[in-house]
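Visitor: structure for this input, please:
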Amino acid sequence: MSRPSFLPALAPEDDFPRTEEGVVGLLRDAGLTEVACRPVTWEHHTTPEEWWSGPAAGVATIGRVVRSQGAAVAERIRQHFVVLAAEFTDGGGRLVLPHRALLASGRVAGPGRAGT
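Guide: Presented below is the predicted three-dimensional model:
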C-alpha cells in the first residue's frame, strides 16, 4: 500500500535519520550543547480490539490511511492485523507490544545562562 498523497510529509531537507546519531545531529544543528541521546524500551499491554479501534475510527495517520482505502480494503487490512497481532498476543489474549523510543536532551547555549 502506498502513502496517500493527501497525508502530510516532511520535505526531504527537513527530515532526519531516526537514529541516536540523527537526533543528536538535529539538536546540535538547532544550537544545543551537551547533547545526549539514548534508547528507552518498554512493553505496551492492550487488547487487539482496543489497538484496532483507533485505525478503524480514522485516528492518526494510520487511521486516515485505512479509512481512505474504502470498506473492502479496510476489512482486508483488519484481517491482516488480526494475523499479525497473534504473534504478539499472550496466553490471556492481550497484546504485548514492544516499543523503543529515543530520549534526547541538550542545553541551550547563550550569554547569561546559569551554568554556561
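
Visitor: buried sites along the helix or strand hosting E75?
Guide: Here E75 sits within helix 71-86, counting by DSSP states H and E. Residues of helix 71-86 classed as buried: 74, 77, 81, 85 (neighbour count, 16 or more other Cβ atoms under 10 Å). The C-beta positions use only the backbone N, C-alpha and C, and glycine is treated the same way.

Visitor: low pLDDT regions in this protein?
Guide: Flagging of the chain using pLDDT under 70 yields the residue ranges 1-3, 111-116.

Visitor: in it, which spans are strands?
Guide: 32-46, 95-108 (DSSP state E).

Visitor: list the contacts of P98.
Guide: 41-43, 88 (Cβ atoms under 8 Å, 6 or more residues apart in numbering).

Visitor: quick one on the thing from earlier: turn the strands of the chain into a markdown table, including distance to A56.
Guide: Shown next, in a markdown table, are these (distance: least, Cβ to Cβ, whole Å):
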| stretch | distance to A56 |
| --- | --- |
| strand 32-46 | 14 |
| strand 95-108 | 15 |
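
Visitor: which one is the residue sitting nearest the centre point of the chain nearest to, not counting chain neighbours?
Guide: Most central in the chain under Cα atoms, centre = their mean is A101, positioned 8.4 Å from the mean C-alpha point. Closest residue in space to A101, ignoring its immediate chain neighbours: V40 at 5.2 Å, by Cβ to Cβ, 6 or more residues apart in numbering.

Visitor: what's the separation between the nearest residue to G58 once chain neighbours are set aside and V108?
Guide: Once flanking residues are discounted, G58 sits nearest to R67: 4.4 Å by Cβ to Cβ, 6+ apart. According to Cβ to Cβ, to the nearest Å, R67 stands 41 Å off from V108.

Visitor: between these two, which one's more packed in?
Guide: Under the criterion of other Cβ atoms under 10 Å, the comparison of R67 against V108 puts R67 first, with 17 against 11.

Visitor: that one against V73, yeah?
Guide: No: counting by Cβ atoms under 8 Å, R67 stays clear of V73, with 10.0 Å between them.
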